[in-house]
Every structure is written in C-alpha cells, then in structure tokens.
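**Q** structural data only, the sequence is not supplied:
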C-alpha cells in the first residue's frame, strides 16, 4: 500500500493493518521528512488517545491529516504507533 498527498508518496508498506476501513502503516514506513507533530489529540473509546501529524509536501500543509496511537488499549495494541490517514490523503496499491 502507498499513501499519497500532493503528488508525493508519503508512506509505503506491504504490512499495513486495516482497522475500521483505515490502513495503518508501520511507523518506519512513513517518510519522516513530510511529517510534523501536531498538538492535536482525540480520544477513541476503544483504541485510546490519538496523536496527530501535519503533512507538509511541496510547500503545502495538510493539518492533522495523519494520526497514531502512542499508547493503546489492550484491544488496539497491534496498531500502537502505526499511522493512518484522512483529509485527502489517498491510500492505494
């Protein structure tokens, strides 16, 4: 799977985990140069507290377009630190 934003591949992996129709990419599969930590957090009742990244590509920012769970509930431990996308990020083979 590959994640694209602003005509750039920002993550690539053959080992994503699908949860609730979202592909979660292993942390080592994201291209760190495009990711800036955000102060945004949200809470999922069964996964835990999500942290966010802003994606910056070719001078454009996509605020809070990626999220991950640095600490998870027992039910979600398989996606700990894995990164998922939204806000126009396209994930495809």
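**A** Yep, it's here. Keep in mind that this is a model prediction, so the values were computed, not measured.
**Q** please make it C-alpha for all contacts and neighbour counts, starting now.
**A** Will do.
**Q** for residue 34, phi and psi?
**A** phi -100, psi 0 (degrees, to the nearest 10).
**Q** so what's it closest to, chain neighbours aside?
**A** residue 56 (5.0 Å; Cα to Cα, 6 or more residues apart in numbering).
**Q** bridging across strands, which residues link to that neighbour?
**A** residue 61 (DSSP bridges).
**Q** mind checking how far the nearest residue to residue 2 once chain neighbours are set aside is from residue 87?
**A** Closest residue to residue 2 apart from its sequence neighbours, by Cα to Cα, 6+ apart: residue 12 at 4.4 Å. Relative to residue 87, residue 12 is positioned 18 Å away (Cα to Cα, to the nearest Å).
**Q** one more: residue 39?
**A** 17 Å.
**Q** cool, residue 13 as well?
**A** 20 Å.
**Q** what residues does the helix or strand encompassing residue 67 touch?
**A** Assessed by DSSP states H and E, residue 67 sits inside strand 60-68. Residues from elsewhere that reach strand 60-68 (Cα atoms under 8 Å, 6 or more residues apart in numbering): 38, 40, 50-56, 80-89.
**Q** quick check: residue 16 touching residue 25?
**A** Yes - proximity of residue 16 to residue 25 meets the contact threshold set by Cα atoms under 8 Å, at 4.8 Å.
**Q** sorry, back to before: what subset of the contacts of strand 60-68 is buried?
**A** For these, a burial check counting by 16 or more other Cα atoms under 10 Å picks out 38, 50-56, 80-85, 89.
**Q** nearest to residue 7 among these?
**A** When these are compared for distance to residue 7 (Cα to Cα), residue 89 wins out at 9.9 Å.
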